[in-house]
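> Structure for the following, please:
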Amino acid sequence: LDPFGQVIDIKGIIWGETYLLSFKIGEDTYTMVRCLRKSEQGADFVTLVSENPQHESIDISLKAIRALAFVKASIRVNSMT
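Numbers count the residues shown, from 1 in each chain. Here you go, the predicted structure:
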């Protein structure tokens, strides 16, 4: 990330892995946990894929990303009530 919070080098991204990311579109800021994939729109974009199949994948500009953190572990609680 550069001093202004924009991603300037994506060589460290492990494609297909889960990340916590914050990005801004217009005046709105979003924080999500998503799997990152290469976008069909080109090298300046990334596809955000949810593990929940009810949520659509979205493509965003790399310039919109303000923070990015690799998720090394997660805990899931499944309840059958």
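
> buried residues in the helix or strand L20 falls within?
Using DSSP states H and E, L20 sits within strand 18-25. For strand 18-25, the neighbour count (16 or more other Cβ atoms under 10 Å) marks T18, Y19, L21, F23 as buried. C-betas here are computed from N, CA, C, even on glycine.

> Now the third one. Nearest residue, chain neighbours left out?
The shortest distance from L21 to any residue other than its chain neighbours is 4.9 Å, reached at L68 (Cβ to Cβ, 6 or more residues apart in numbering).

> Surely that neighbour is in contact with I14?
No - the criterion here is Cβ atoms under 8 Å, and L68 misses it with I14 at 11.3 Å.

> Between those two, point out the one with more neighbours.
Taking neighbours as other Cβ atoms under 10 Å, L68 and I14 compare with L68 leading, 19 against 9.

> Help me confirm that that one is found in a helix?
No - read with DSSP: H, G, I helix; E, B strand; the rest coil, L68 is strand and lies in no helix.

> Just give me the longest strand of this structure.
Assignment by DSSP state E gives strand 28-38 as the longest strand of the chain.

> what angle sits between that strand and strand 18-25?
What separates the directions of strand 28-38 and strand 18-25 is an angle of 130 degrees, with axes from the mean of the first three to the mean of the last three Cα atoms, to 10 degrees.

> Buried by neighbour count: which residues of stretch 44-62 qualify?
Going by neighbour count (16+ other Cβ under 10 Å), the buried part of stretch 44-62 is V46, T47, L48, V49, I60, S61, L62.
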